[in-house]
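> Fold the following for me, if possible:
(one chain, ligands or ions: 1)
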Amino acid sequence: MTDTTSTPTPSDAPREVRLVARPVGWPTPADFELATSEVPELADGQLRVRNVVMSVDPYMRGRMSAAKSYAAPFAVGEAMGGGAVGVVEESRADGFAVGDHVLHALGWREVAVVDASSARVVDVERAPASAYLGILGMTGLTAYAGLTRIASLKEGDVVFVSGAAGAVGGAVGQLAKALGASRVIGSAGSAEKVRHLVEDLGFDAAFNYKDGPVAKQLREAAPDGIDVYFDNVGGEHLEAAVGSLNLGGRIAVCGMISVYNDTEPSPGPRNLARLIQTRGLIQGFLVGDHYDLAGEYAERAAGWLADGTLTSRETFADGIEHAVDAFLGVLKGENTGKMVVRL
Ligand SMILES: NC(=O)c1ccc[n+]([C@@H]2O[C@H](COP(=O)([O-])OP(=O)(O)OC[C@H]3O[C@@H](n4cnc5c(N)ncnc54)[C@H](OP(=O)(O)O)[C@@H]3O)[C@@H](O)[C@H]2O)c1
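This next block holds a predicted model:
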């Protein structure tokens, strides 16, 4: 509970990334500004945290729009937020000491004043700080909740996941195998990502969705159909998955990144009548509704990481001045695994 740091001088003043314009269609660097932060004195119950790593995620695109959604829009002219892990530099809260690493939601800045009630101490001896943004954090839990609770994964299921070389998708494929799927198929946007899925992550088959129609490539990879589709992409992928769905198939709708930058709503799958024949189920979900699974997942994930069943890949950008490029890179597929910005 003591302050061990000196007041920053202007030359080392911490910086933050602000949204300065709401993007229409694809965001551009002009929609953001790197600015010097005002770091207020701490009130009781607060921590001053120097961020070490911060997350950039596709869902942040939604928060850049004014449209009402499950998460409040970012305010124009203010720093954005998102997952981050940092070191406590000053604490006015019981249970948090200087030097602790904490996970919190005030990313996009080098130094954050955080309410201790919204921070959690994480053990960086057990896993690197970035893992708490990815495989041991929101990303891993999204994959686990989507497979177990929404898709009701059963032993022997054939599972298809899109965005498979990304953070959530890579976890989905590996967790599906660990939970008894008989065959796991992934789609991704480059030959190198397809290789990574099969050779590094143990997918049974993978294809590059840019090589040809998704429906055709999926039928070739899953000639007997699929029982579960974990959707990260929407659009053509969703229609292809409906077309390959087996009797009693389940579709967990996690994300639809292919439409996040659309300015006009695109038509939905044209083949939904197939859900009648297959008695298929399709359900969207938000990880925020499934934090009750976090303890169970953390325990199982620790075991799977220790025995090599689960591995996690990360793509790093360095410096807050590259955070916007890293975010735009996620939307364009420049990441394999979790995109993390080191500060
Ligand atoms: N429901 C929830 O609670 C929840 C929680 C977390 C994430 N999500 C969603 O889950 C999805 C994955 O998130 P993530 O954080 O793991 O991101 P990610 O998969 O690590 O990164 C996004 C990936 O999407 C792919 N992509 C971009 N445009 C595409 C397109 N038009 N068609 C197909 N693929 C495209 C890119 O890979 P390629 O090179 O393969 O194109 C890119 O690497 C997103 O849709 C996100 O919104 C939902």
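
> Alpha carbons of stretch 92-106, as CSV, please.
Extracted C-alpha coordinates of stretch 92-106, given in CSV (Å, rounded to 0.1, in the frame of the first residue of the first chain):
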residue,chain,number,x,y,z
ARG,A,92,-5.0,1.9,-1.9
ALA,A,93,-7.0,-1.4,-1.7
ASP,A,94,-6.7,-4.3,0.7
GLY,A,95,-5.5,-7.5,-1.0
PHE,A,96,-3.4,-5.8,-3.6
ALA,A,97,0.3,-5.1,-3.1
VAL,A,98,2.8,-3.2,-5.1
GLY,A,99,4.4,-5.6,-7.5
ASP,A,100,1.3,-7.8,-7.9
HIS,A,101,0.2,-8.6,-11.5
VAL,A,102,-3.5,-7.9,-12.1
LEU,A,103,-5.9,-8.6,-14.9
HIS,A,104,-8.4,-5.7,-15.5
ALA,A,105,-10.4,-4.0,-18.2
LEU,A,106,-8.5,-0.7,-18.8
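
> leaving aside the residues next to it on the chain, what's closest to the most centrally placed residue in the chain?
When CA atoms, centre = their mean is applied to the chain, the residue found nearest the centroid is residue 139 (4.6 Å). Excluding its sequence neighbours, the residue lying closest to residue 139 (CB to CB, 6 or more residues apart in numbering) is residue 167, at 4.4 Å. C-betas here are computed from N, CA, C, even on glycine.

> Surely the one you found and residue 339 touch.
Yes - the pair residue 167 / residue 339 is scored as a contact, 7.2 Å apart, by CB atoms under 8 Å.

> who's more crowded, these two?
residue 167 (32 against 23; other CB atoms under 10 Å).

> what kind of secondary structure is the residue nearest to the centre of the chain in?
For residue 139, the assignment made with DSSP: H, G, I helix; E, B strand; the rest coil gives helix.

> quick one, what contacts it?
133, 167-168, 171, 338 (CB atoms under 8 Å, 6 or more residues apart in numbering).

> could you dump those to TSV with secondary structure and pLDDT?
Converted to TSV, these look like this (DSSP: H, G, I helix; E, B strand; the rest coil; pLDDT from 0 to 100):
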residue	secondary structure	pLDDT
133	coil	97
167	helix	98
168	helix	98
171	helix	98
338	strand	98
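
> Keep the residues you listed, but drop any that are not near the ligand.
Contacts with the ligand are made by 167-168 out of the contacts of residue 139, judged by CB under 6 Å from any ligand atom.

> can you pull the buried residues of the helix or strand harbouring residue 160?
Assigned by DSSP states H and E, residue 160 belongs to strand 158-161. In terms of neighbour count (16 or more other CB atoms under 10 Å), strand 158-161 has its buried residues at 158-161.

> Break down the stretch 151-300 of the chain into its strands, ranges please.
For the stretch 151-300 of the chain, the strands defined by DSSP state E, counting those that start in this stretch occupy 158-161, 183-188, 205-208, 226-231, 245-253, 281-284.

> Looking at those strands, which is nearest to the ligand?
Counting by CB to the nearest ligand atom, the ligand lies closest to strand 183-188 out of those; the figure is 3.8 Å.

> Show me what that closest one is packed against.
Packing partners of strand 183-188 (3 or more CB pairs under 8 Å, 6 or more residues apart in numbering; DSSP states H and E): strand 158-161, helix 167-178, strand 205-208, helix 214-221.

> Please work out the average pLDDT along that strand.
Averaging pLDDT along strand 183-188 yields 98.

> Kindly report the same for stretch 153-164.
On average, stretch 153-164 scores 98.

> do stretch 319-327 as well
98.

> Show me which positions of it end up buried.
Within stretch 319-327, the residues that count as buried by 16+ other CB under 10 Å are 320, 323-324, 326-327.

> And the residue of the stretch 51-200 of the chain found nearest the ligand, how far from residue 314?
Going by CB to the nearest ligand atom, the ligand is nearest to residue 166 of the stretch 51-200 of the chain, at 1.8 Å. Distance of residue 166 to residue 314, given as CB to CB, to the nearest Å: 11 Å.

> what does this protein have sitting close to the ligand?
57-59, 139, 142, 163, 165-169, 188-190, 193, 209, 232-233, 254-255, 257-258, 285-287, 330-331, 333, 335.

> Give me the subset of those residues lying in helices.
59, 139, 142, 167-169, 193, 330-331 (DSSP state H).

> hmm, back to that, I'd like the buried residues of stretch 319-327 as CSV, with secondary structure appended.
Converted to CSV, these look like this (three-state DSSP):
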residue, secondary structure
320, helix
323, helix
324, helix
326, helix
327, helix
